[in-house]
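K.L.:
make a model of this:
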Amino acid sequence: MRVAPVVLVLVAAICMMVFRDEIVKRGHTAWFDILLQDEFGLTQDMINKDKRYIGGMMGGVPNGFTEQPLKHDPEDDKLTRICRLSLYTKWAEELWSGVIVNSMTDPLVTLPPEQRVNAYLQTCRQILEQMPPEDRQRQLLESLDPVPDPSQFHVNITHPWMNGHYTETMQKHHQQWFKPGADVKPFKVDPDTMTQPWFQNRLKEIDRVSGFEHRLKPNNELTHIFPEELAKLGIRPVKDEWVEPSQIPDALLQGKTAVFDATKVCGKEIFNLTVPDIAKLHGDDAHRIPTFRLHSSGIGDGAWETLAELGQRFAFWRDRGWMNFPDFGPFPNAEDVMVAMKKAAPTSPLVRLALRFKWLLDGRPPWSQYLDHHVSIIRSYFQNIAQTTINVKRLSKFPLGDMPQAMGNPGWIQRFWNLLWIGPVSDFWHFDEWDNVLIAVSGNIYVAVMEQNATSLISGTRNVGLGWNDMQGFFKRDGTWVKENEWIKKIPIHILKLEPGMGITVPSRTYHNVMALDGNRILLNCFLVPKFGTKAMANNPNHHLSGFQSERHNAVGDLKIQTVGRLWDTMKIGGFFSGLKLEYL
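P.N.:
Below is the predicted model:
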């Protein structure tokens, strides 16, 4: 039952006067609370979760640097110590990481921390005890003598070696997290100068290995990928090789970027489904399925929402045109961005009145600028709340076909890790450690994928902002970055609009970039997690695991993968994350 608008206006006015000092102290938060309730169609539970999440982000999200790892128990035998250590393994080549034992207690997600750790240790011991004494993985694990104290920063054990070119600035930024004498630094350090041989020789090296003119896309294949804008930058995408589903595993092992018909891999039923559709498919179960935002596991309980809540939110926001983010796509058009911003402006008389009161309290700056500022806050809120992932293993009624069977049940793969990636994302180059495929389920999605053998030439570091991987502002109309980095024109790049039903392979350690303009879009990915010591990767020196990581790190990491997988398969215990939102089951 809705309260009469005139009563709400009076209440808002009285609150504004009585709590003036608190409102000034809290900035935009007071009127934002009114906005959430009156304008956005949210339940009180959803409002509380949003406030918990936003407050957690503003307060600083706990991470691997701030977490206090659980210590070995004096009564632990060696197997238990190995298992406790393995719990703290991380796979990503990045220092900034998620909390390993997060604080979540909600039974819809996981067990409370102590019970979760105990379940992990018991299951891990079972796996270790089942390994034959002559097994190479068991020998590597038992060679840890003594077993180090639990920490995700033991380089080449729980922490991967970080490859690529890192500057002194990067090293100094992170060295505070490595205690003197504890472990070797996780990366080599280059001086902060562009005169160093590596930087000077990069263009020469690229010249030596490139020569892909015969592979360029013909004009008739450029229609949907901004041909005029790319031509102005001097970038011409290469032709995409198409492969059959059974050829996907071999393409990945060979480090090959290729496109495929995803309807042959996943079936046809999942395509063009939206979040509200998936929530409807699951009926009452949708109220018991967790979905995770960018920092959910770091903040803990109350920082995630159910599939039912996410479906309700997305349906309401979609119908009002609030899920369009043209500024997140390649070569954004200023007029399109302005239209999207205007749609986000508050329309409710109550909300506009509340904002006017705040405007008065803030000293009456120019109204149009003031309104634009708060519209940008609203759009930032939309983007941060909408950016969500769901592990497909939690979606019992999601009509995904048998992907392993479609790919020929390759024997070197231990587990298929499927996630739904939801919400708007912008230009961000990075690579993943495991072989991966990207599949468009619904929405407006563009992808750009380089090729595996170019990674070390470009920089070899994982993310934008790490070392020399400075590929920011790549798909911008002014082309500033490309003009300052002419060498990028000699790197083969696959650029395409990924339509629903299309997929592309992204081999391990291959730079790629996903741009989603539609907040209601869904991308399905699948990490092909290999078995420890598989010989299938041995002939590829560019693979993250076989080419750049120690055998011991791979052994410890695989033990964690097996354990977390068995916990879900046998007891449906979840709540283990890579980073802060990617749940591994």
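K.L.:
what separates the host helix or strand of His373 from the chain centre, distance-wise?
P.N.:
Taking DSSP states H and E as the criterion, His373 maps to helix 367-386. With CA atoms, centre = their mean, to the nearest Å as the basis, helix 367-386 stands 23 Å off its chain's centre.
K.L.:
next structured bit after that helix?
P.N.:
strand 388-391.
K.L.:
export that following strand to CSV, keeping only CA atoms.
P.N.:
The C-alpha trace of strand 388-391 is given here as CSV (Å, rounded to 0.1, in the frame of the first residue of the first chain):
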residue,chain,number,x,y,z
THR,A,388,26.9,-9.4,-11.3
THR,A,389,28.0,-13.0,-11.8
ILE,A,390,26.2,-16.3,-11.2
ASN,A,391,27.9,-19.7,-11.2
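K.L.:
ok, which stretches of the stretch 451-585 of the chain are strands?
P.N.:
Ranges of strands in the stretch 451-585 of the chain, per DSSP state E, counting those that start in this stretch, are 494-497, 502-506, 512-516, 522-530, 577-578, 582-583.
K.L.:
tell me what the longest one is packed against?
P.N.:
Looking back up the chat, that one is strand 522-530. Counting contacts by 3 or more CB pairs under 8 Å, 6 or more residues apart in numbering; DSSP states H and E, strand 522-530 is packed against strand 413-422, strand 435-442. Glycine gets a C-beta too; all of them are placed from N, C-alpha and C.
K.L.:
tell me the angle of the host helix or strand of Leu360 relative to helix 367-386?
P.N.:
Assigned by DSSP H and E, Leu360 falls within helix 349-361. Helix 349-361 runs at 120 degrees relative to helix 367-386, counting by axes from the mean of the first three to the mean of the last three CA atoms, to 10 degrees.
K.L.:
buried set for helix 349-361?
P.N.:
Leu350, Val351, Leu353, Ala354, Leu355, Arg356, Phe357, Lys358, Trp359, Leu361 (16 or more other CB atoms under 10 Å).
K.L.:
and that helix, how far out from the chain middle?
P.N.:
Relative to the mean C-alpha coordinate of its chain, helix 349-361 is positioned 36 Å out (CA atoms, centre = their mean).
K.L.:
what average pLDDT does that helix get?
P.N.:
Helix 349-361 shows a mean pLDDT of 76.
K.L.:
any idea how far Asp77 lies from Asn219?
P.N.:
From Asp77 across to Asn219, the span is 67 Å (CB to CB, to the nearest Å).
K.L.:
do Phe357 as well
P.N.:
With CB to CB as the criterion, Phe357 and Asn219 are 57 Å apart.
K.L.:
and the strands in the stretch 151-300 of the chain?
P.N.:
166-167, 189-190, 241-242, 258-261, 290-293.
K.L.:
can you get me a residue count around Asp145?
P.N.:
Here the number of neighbours of Asp145 (other CB atoms under 10 Å) works out to 6.
K.L.:
thinking again about what came up before, can you lay out the helices and strands packed on strand 522-530 as JSON lines showing mean pLDDT and mean neighbour count?
P.N.:
Converted to JSON lines, the helices and strands packed on strand 522-530 look like this (pLDDT from 0 to 100; neighbours: other CB atoms under 10 Å):
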{"stretch": "strand 413-422", "mean pLDDT": "97", "mean neighbour count": "21"}
{"stretch": "strand 435-442", "mean pLDDT": "98", "mean neighbour count": "25"}
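K.L.:
so which of the ones you listed is nearest Asn513?
P.N.:
The closest of the helices and strands packed on strand 522-530 to Asn513 is strand 435-442. By CB to CB, the value is 10.7 Å.
K.L.:
what's next to that closest one, contact-wise?
P.N.:
Residues from elsewhere that reach strand 435-442, judged by CB atoms under 8 Å, 6 or more residues apart in numbering: 248, 252-253, 260, 262, 265-266, 270-274, 420, 447, 498-508, 512, 514, 520-528, 530, 543.
K.L.:
repeat the analysis, applying 6 Å as the threshold.
P.N.:
252, 262, 270, 272-274, 498-500, 502-508, 522, 524-528 (CB atoms under 6 Å, 6 or more residues apart in numbering).
K.L.:
format the helices and strands packed on strand 522-530 as TSV; extra columns: distance to Lys393.
P.N.:
Converted to TSV, the helices and strands packed on strand 522-530 look like this (distance: least, CB to CB, whole Å):
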stretch	distance to Lys393
strand 413-422	7
strand 435-442	16
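K.L.:
returning to that earlier point: wait, which of the strands of the stretch 451-585 of the chain is closest to Gln387?
P.N.:
Taking CB to CB, strand 512-516 is the member of the strands of the stretch 451-585 of the chain nearest to Gln387, at 9.2 Å.
K.L.:
can you list the domains in this structure?
P.N.:
5-63+273-388, 197-270+399-548 (automatic domain parsing).
K.L.:
return the most buried member of those domains.
P.N.:
Neighbour counts (mean count of other CB atoms under 10 Å) averaged over each of these peak at domain 197-270+399-548, with a mean of 19.
K.L.:
and that domain, how far out from the chain's middle?
P.N.:
The answer for domain 197-270+399-548 is 15 Å, by CA atoms, centre = their mean.
K.L.:
then stretch 310-329?
P.N.:
For stretch 310-329, the distance to the chain centre is 19 Å (CA atoms, centre = their mean).
K.L.:
for it, what is the average pLDDT?
P.N.:
Stretch 310-329 comes out at a mean pLDDT of 92.
K.L.:
ok, back up a step: nearest to Trp434, of the strands of the stretch 451-585 of the chain?
P.N.:
Ranking those by their distance to Trp434 (criterion: CB to CB) puts strand 522-530 first, at 4.4 Å.
K.L.:
what lines up beside that closest one in the sheet?
P.N.:
Strand 522-530 has the following sheet partners, assigned by DSSP bridges: strand 413-422 (antiparallel), strand 435-442 (antiparallel).
K.L.:
of those, which is nearest Asn539?
P.N.:
Once these are compared by CB to CB, strand 435-442 is nearest, at 14.2 Å.
K.L.:
following element in sequence after that closest one, please.
P.N.:
Once strand 435-442 ends, the next helix or strand along the chain (criterion: DSSP H and E) is strand 445-449.
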